[in-house]
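Engineer: here are the coordinates; sequence isn't available:
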């Protein structure tokens, strides 16, 4: 009886909000336990609800997702457009840094990006990933919408790429402070750190970078754009040179 | 630098554009960005939000758009970003079959890859920036007077 209504956006929006708020509460009462990061809890909660729902009505999770969650999920997802564009604001606030270090920024993202590709391929080999999966892992520094077509273009499975990009954001969001401590990033250039957060953590990484400082936030914003362009150029190049 | 930042909040309270106008500016920018994004080929995807970011930056840098006309809405959007990513995460439920097959290896590789990207770019960035500063110090005595190098980092 309620099927038609459940296919309306209310459902997806409600599920997302409940999951995220649940995460916020768990995060608070656990005093910041990283696995209770609201984003991660929201994700897991949403998937769990859909999976149980699917079992309950004898359908697949993917079908329930498409039919009941997607209408609402798409509305929330759409707001990533203005939110991502909005990163121009913290970037412009530190235009002084951008104008001064633009060359360093480009060099860092292209050179650092290329080196990272080696690392990613090696780790993929270490864990016995197929060529398809490895190729999918390479472009993850780029933002999801750019990384997926790149992966497809070099023979990778874009679903794995999407997983990589999303988990990148979640990992950075949950563990940024810990990672900074462990790898002594606080001793390093703030410009470099910002670039790193934007590359590794995408938009969420940029939001975290902003919490660290206006310089980091500005650099992370730039990184999201430039590292995507860098991956567009470097990944096909890398695959041709080292994966044939 | 600090003095400027303390003065501007008071100025901005008076001049911040109404929220609908801010949304209108974003709406217009995104609309145009979508059209520009369509011009790029499938082999070189430039998604709408990235075009939007670049466009907004250009408009701000050329003073066609003023900060106080966009920052309330913009900052608000950015503050929501973790929540806005929830649907992307839930999307992974379509790959549950994939997860069962090689999910564990994928997750391990991704975790390590994230750390690799973070650490490599941070250290490479540090290298280039420090080099830049050293070269600048050598050739530019005036900058040392302003102390701009210290402020920048």
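Structural biologist: Structure's in. What do you need? Nothing here was measured: the structure is a model prediction, and the numbers come from that model.
Engineer: Quick check, the residue in chain B closest to chain A?
Structural biologist: Nearest residue of chain B to chain A (CB to the nearest CB) works out as residue B:125 at 2.3 Å. Yep, even glycine has a C-beta here, placed from its N, CA and C like the rest.
Engineer: any idea whether residue A:149 is helix, strand or coil?
Structural biologist: Under DSSP: H, G, I helix; E, B strand; the rest coil, the three-state class of residue A:149 is helix.
Engineer: coming back round to it: wait, the residue of chain B closest to chain A sits on residue A:198?
Structural biologist: No. Residue B:125 lies out of contact with residue A:198 (CB atoms under 8 Å); the separation is 10.6 Å.
Engineer: between the two, who's got more neighbours?
Structural biologist: Neighbour count, other CB atoms under 10 Å in any protein chain shown: between residue B:125 and residue A:198, residue A:198 has more, with 33 against 30.
Engineer: Poorly predicted segments of chain B, please.
Structural biologist: B:1-14, B:141-153 (pLDDT under 70).
Engineer: Helix or strand for the residue with the largest distance to the centre of it, just tell me which one.
Structural biologist: Here chain B reaches farthest from its C-alpha mean at residue B:101, the gap being 35.2 Å by CA atoms, centre = their mean. For residue B:101, the element it lies in under DSSP states H and E is helix B:96-139.
Engineer: same thing with residue B:37?
Structural biologist: Residue B:37 belongs to helix B:19-38, assigned by DSSP H and E.
Engineer: Next, the angle from whichever helix or strand comes after that helix to helix B:19-38.
Structural biologist: Where DSSP H and E defines the elements, the next helix or strand beyond helix B:19-38 is helix B:48-61. When axes from the mean of the first three to the mean of the last three CA atoms, to 10 degrees is applied, the directions of helix B:48-61 and helix B:19-38 differ by 120 degrees.
Engineer: Do whichever helix or strand comes after helix B:48-61 and chain A come into contact?
Structural biologist: Note on helix B:48-61: by DSSP H and E, the next helix or strand toward the C-terminus is helix B:71-79. Yes. Helix B:71-79 reaches chain A (CB under 8 Å from any CB of the partner chain) through B:71, B:73-75, B:77-79.
Engineer: before we move on, back to that, what's the helix holding residue B:101 packed up against?
Structural biologist: Applying 3 or more CB pairs under 8 Å, 6 or more residues apart in numbering or on different chains; DSSP states H and E, one finds that helix B:96-139 contacts helix A:95-107, helix A:113-126, helix A:131-137, helix A:158-182, helix A:190-212, helix B:141-146, helix B:148-152.
Engineer: quick one: that helix to helix A:113-126, angle?
Structural biologist: If you take the same axes, to 10 degrees, helix B:96-139 sits at 150 degrees to helix A:113-126.
Engineer: mind checking how far helix B:96-139 is from the chain centre?
Structural biologist: In terms of CA atoms, centre = their mean, to the nearest Å, the centre of helix B:96-139 is set 17 Å apart from its chain centre.
Engineer: number of nearby residues for the residue nearest to residue B:25 when sequence neighbours are not counted?
Structural biologist: Once flanking residues are discounted, residue B:25 sits nearest to residue B:70: 5.6 Å by CB to CB, 6 or more residues apart in numbering or on different chains. Residue B:70: 26 surrounding residues under other CB under 10 Å.
Engineer: quick one: residue A:168 and residue A:199 touch, right?
Structural biologist: No. Taking contacts as CB under 8 Å, residue A:168 lies outside contact range of residue A:199: 9.0 Å.
Engineer: and those two? which has more neighbours close in?
Structural biologist: residue A:199 (37 against 26).
Engineer: OK, contacts around that one?
Structural biologist: By CB atoms under 8 Å, 6 or more residues apart in numbering or on different chains, residue A:199 lies in contact with A:109, A:112-113, A:141, A:205, A:223-224, A:227, B:117-118, B:121.
Engineer: again, only this time at 10 Å
Structural biologist: Residues in contact with residue A:199 (CB atoms under 10 Å, 6 or more residues apart in numbering or on different chains) are A:108-109, A:112-113, A:116, A:140-143, A:168, A:172, A:205-206, A:219-220, A:223-224, A:226-228, A:230-231, B:114, B:117-118, B:120-122, B:125.
Engineer: rewinding a little: can you lay out the helices and strands packed on helix B:96-139 as a markdown table showing distance to residue A:80?
Structural biologist: Shown next, in a markdown table, are the helices and strands packed on helix B:96-139 (distance: least, CB to CB, whole Å):
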| stretch | distance to residue A:80 |
| --- | --- |
| helix A:95-107 | 23 |
| helix A:113-126 | 23 |
| helix A:131-137 | 22 |
| helix A:158-182 | 11 |
| helix A:190-212 | 7 |
| helix B:141-146 | 39 |
| helix B:148-152 | 31 |
